[in-house]
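A.B. asks: Let me see the structure of the following:
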Amino acid sequence: MRKAIPTPYFDDGQVICIDKPYEWTSFDVIKKIRFGLKIKKVGHAGTLDPLATGLLVICTGKKTKEIEKYQAEEKEYICDMVLGKTTPSVDLETDFDSETTTDHLSIEKIIEIVNSFKGEIDQVPPIFSAIKVDGERVYEKARKGESVELKSRKVTIREIEVIKLNNPDIQIRIVCSKGTYIRSLVRDIGEKLDVGAYMKGLVRTRIGNFTLDEAVSPEKYVEKNKSRVNFPDKNSFMDTISRYYN
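C.D. replies: So this is what the prediction gives:
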């Protein structure tokens with residue numbers, strides 16, 4: 001069986017914009033890229049939850065040194081949330097645990113509360129998150145029914161606006177700093193309106209200057225770049241062969 005030849009194209013470093021599919025973990029995307037294109041060193045800049053979709057920035061080879069820089073970039077999201085119902089995870093990963101009428105809420109009041117989160121705020125991460133406490137992910141503790149107390153952290157919501165509103169459904173656009181949990185934002189908006197809320201859908205549309213418009217699915221990216229594995233760039237082909245066999 002012919003062994004794939006490692007290509008310097010990816011070893012030298014690439015920054016790839018991927019549109020993460022629904023129900024894929026961020027690590028699923030890494031595995032698809034790594035094994036599909038025989039890349040030794042690959043990582044992502046900022047996790048997306050499995051039930052979220054949208055932009056995931058992938059770095060290969062020498063560009064993995066820049067992951068922290070991209071993680072620190074400002075991010076933009078489109079979030080679909082529903083008022084009047086809650087779940088422990090604040091999304092559809094877990095079952096509903098409360099329901100409250102929202103008929104009394106005016107459009108003006110909902111918009112006022114949403115807009116009140118603009119600026120620097122104290123935010124407590126959701127208990128279903130990948131944060132580690134005592135060496136264990138807090139979502140693992142939450143799934144076992146253990147109570148976890150997380151400290152609040154400062155995050156900045158630079159822009160927030162209601163795009164669509166048909167009570168109890170709301171679609172909002174958020175531009176925020178590193179470390180912002182959109183599920184926490186949804187939870188806090190629901191609590192401030194005194195009816196609760198959960199997140200029905202989330203799309204990340206921008207990280208720094210990278211946008212979702214330039215992203216492709218993991219399958220399309222692998223298919224489009226398969227030729228680079230066995231047939232590296234013409235200028236580097238001989239160098240690759242030399243490095244591989246010596």
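A.B. asks: how much space between Gln77 and Glu161?
C.D. replies: Wrong residue type there; residue 77 is Tyr, not Gln. For Tyr77, the distance to Glu161 equals 12 Å [Cβ to Cβ, to the nearest Å]. Heads up, the C-betas are built off the backbone N, CA and C, glycines and all.
A.B. asks: Among those two, which residue is more densely surrounded?
C.D. replies: Tyr77 (22 against 13; other Cβ atoms under 10 Å).
A.B. asks: ok, back up a step: find residues that contact each of Tyr77 and Glu161.
C.D. replies: By Cβ atoms under 8 Å, 6 or more residues apart in numbering, Tyr77 and Glu161 have these common neighbours: Arg173.
A.B. asks: Domain map for this protein?
C.D. replies: 14-71+209-228, 74-207 (the TED database).
A.B. asks: now those domains in JSON lines, with mean pLDDT and distance to Pro8?
C.D. replies: Below are the domains of the chain laid out as JSON lines (pLDDT from 0 to 100; distance: least, Cβ to Cβ, whole Å):
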{"stretch": "domain 14-71+209-228", "mean pLDDT": "94", "distance to Pro8": "8"}
{"stretch": "domain 74-207", "mean pLDDT": "94", "distance to Pro8": "26"}
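A.B. asks: excluding its backbone neighbours, what's nearest Phe128?
C.D. replies: Ser89 (3.9 Å; Cβ to Cβ, 6 or more residues apart in numbering).
A.B. asks: wait, doesn't the one you found sit right on Ser129?
C.D. replies: No - assessed by Cβ atoms under 8 Å, Ser89 is found out of contact with Ser129, at 9.2 Å.
A.B. asks: intersection of neighbour lists for the two?
C.D. replies: Tyr139, Arg183.
A.B. asks: Show me the strands in the protein, by range?
C.D. replies: 15-20, 42-44, 53-60, 75-83, 85-86, 98-99, 119-123, 132-133, 136-137, 153-166, 169-176, 197-207, 210-211 (DSSP state E).
A.B. asks: Show the secondary-structure elements that the fourth one is packed against.
C.D. replies: Contacts of strand 75-83 with other secondary structure elements, assessed using 3 or more Cβ pairs under 8 Å, 6 or more residues apart in numbering; DSSP states H and E, are made with strand 169-176, helix 182-192, strand 197-207.
A.B. asks: Enumerate the positions of it that are buried.
C.D. replies: For strand 75-83, burial by neighbour count (16 or more other Cβ atoms under 10 Å) applies to Lys75, Glu76, Tyr77, Ile78, Cys79, Asp80, Met81, Val82, Leu83.
A.B. asks: Let me know the closest of the residues you listed to Thr100.
C.D. replies: Leu83 (8.4 Å; Cβ to Cβ).
A.B. asks: Could you measure from the closest one over to Arg34?
C.D. replies: On the measure of Cβ to Cβ, Leu83 and Arg34 end up 41 Å apart.
A.B. asks: got a list of what Gly196 touches?
C.D. replies: So Gly196 contacts Leu83, Gly84, Lys85, Thr86, Ser98, Thr100, Arg187, Gly190 (Cβ under 8 Å, 6+ apart).
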